[in-house]
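In: no FASTA, just this:
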């Protein structure tokens, strides 16, 4: 399908163009209906909320680990002073 000297063959380029065009057309048809846009928006917001929750949980775990690490450092410093 790929000719090293000339790039992509015209047949392959035509097939790729047809597939991309069909996908864009199908997406436009789906998004043309308001109920579909609303459904997609709801799903997007749901996933966005899940990602935000996961990120918050990771942030809390990082802070907890840092705090525990700082406590260990303080303990080691006290032991070294003895």
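Out: Cool, got the structure. The shown structure was predicted, so the numbers you read here are calculated from the model rather than taken from an experiment. Numbering: from 1, shown residues only.

In: so how far is residue 15 from the residue nearest the centre of the chain?
Out: In the chain, the residue lying closest to the centroid (CA atoms, centre = their mean) is residue 51, at 8.9 Å. Residue 51 sits at a distance of 35 Å from residue 15 (criterion: CB to CB, to the nearest Å). Glycine gets a C-beta too; all of them are placed from N, C-alpha and C.

In: what's the answer for residue 32, then?
Out: Distance from residue 32 to residue 15, by CB to CB: 26 Å.

In: which of the two has more neighbours?
Out: residue 15 (13 against 9; other CB atoms under 10 Å).

In: Assign that one to helix, strand or coil.
Out: helix (DSSP: H, G, I helix; E, B strand; the rest coil).

In: gap between it and residue 34?
Out: 34 Å.

In: next one: residue 73
Out: Distance from residue 73 to residue 34, by CB to CB: 58 Å.

In: can you check residue 23 too?
Out: On the measure of CB to CB, residue 23 and residue 34 end up 21 Å apart.

In: Report the distance from the host helix or strand of residue 45 to the chain centre.
Out: Using DSSP states H and E, residue 45 maps to helix 34-81. For helix 34-81, the separation from the chain centroid amounts to 16 Å (computed by CA atoms, centre = their mean, to the nearest Å).

In: Give me the mean pLDDT for that helix.
Out: Mean pLDDT, helix 34-81: 85.

In: That helix - contacts with which helices or strands?
Out: Judged by 3 or more CB pairs under 8 Å, 6 or more residues apart in numbering; DSSP states H and E, the packing partners of helix 34-81 are helix 10-32.

In: Now the helix it packs on: buried residues?
Out: The neighbour-count check on helix 10-32 (16 or more other CB atoms under 10 Å) flags nothing as buried.
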